[in-house]
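Asks: Can you look at this prediction? I've put the sequence above it.
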Amino acid sequence: MVEEGQKAPEFTLPATGGRTVSLADFRGKKNVVLYFYPKDDTPGCTKEACSFRDVMSEFEAVGAVILGVSTDSIESHEKFAAKHNLLFPLLSDEQKTVSTAYGVLKEKSMYGKTFLGVERTTFAIDKDGIVRKVWPNVKVEGHIDEVLDFVKTL
């Protein structure tokens, strides 16, 4: 996994709203809250996304942008965003290259089967592209407030 103090791996991914988003788009301009989540429209992921949505203006007020990433398709992201009025970009990492680069692809098991899936992880990346904080294996309750408090210090 990418560690605090390291340069964040660059990426360019398709995003909701017909956009393409690159980490470089924010260099020198905004801090980035990059959060990886397992699956669109599942209970934990919906709660996390809606929690970020509800305080999005507070992140914007301190010069930060929120980017959500999962391995779901753009079509899935568009439905998820529309259903829950998510106004920040959701990025599609269908090839799993960005999830792999950030080290969030982990072996998981469900119903006796093992598979590679995204571990819910958040990265705070400063305007210079340096990872300043990593929250691995996130528990949604209280997480967004912790991220916001940290980003205010950048």
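Replies: Cool, got the structure.
Asks: ok, now which ones touch the residue nearest to the spatial centre of the chain?
Replies: Central residue of the chain (Cα atoms, centre = their mean): Y35, 1.9 Å from the mean position. Shown in contact with Y35 (Cβ atoms under 8 Å, 6 or more residues apart in numbering): E48, F52, I66, L67, G68, V69, R120, T121, T122, F123, V138. Just so you know, the C-beta spots here come from the backbone N, C-alpha and C atoms, and that holds for glycine as well.
Asks: what helix or strand does it sit in?
Replies: Taking DSSP states H and E as the criterion, Y35 maps to strand 31-36.
Asks: for that strand, the distance to its chain's centre please.
Replies: On the basis of Cα atoms, centre = their mean, to the nearest Å, strand 31-36 sits 5 Å off its chain's mean C-alpha point.
Asks: my guess is A124 contacts A8, does it?
Replies: No: with contact defined as Cβ atoms under 8 Å, A124 does not reach A8; the gap is 9.7 Å.
Asks: still on that earlier bit, what about the residue nearest to the centre of the chain, distance to K29?
Replies: Noted for Y35: a distance of 19 Å to K29, by Cβ to Cβ, to the nearest Å.
Asks: More neighbours: which of A124 and A8?
Replies: The residue with more neighbours, out of A124 and A8, is A124; 23 against 20, by other Cβ atoms under 10 Å.
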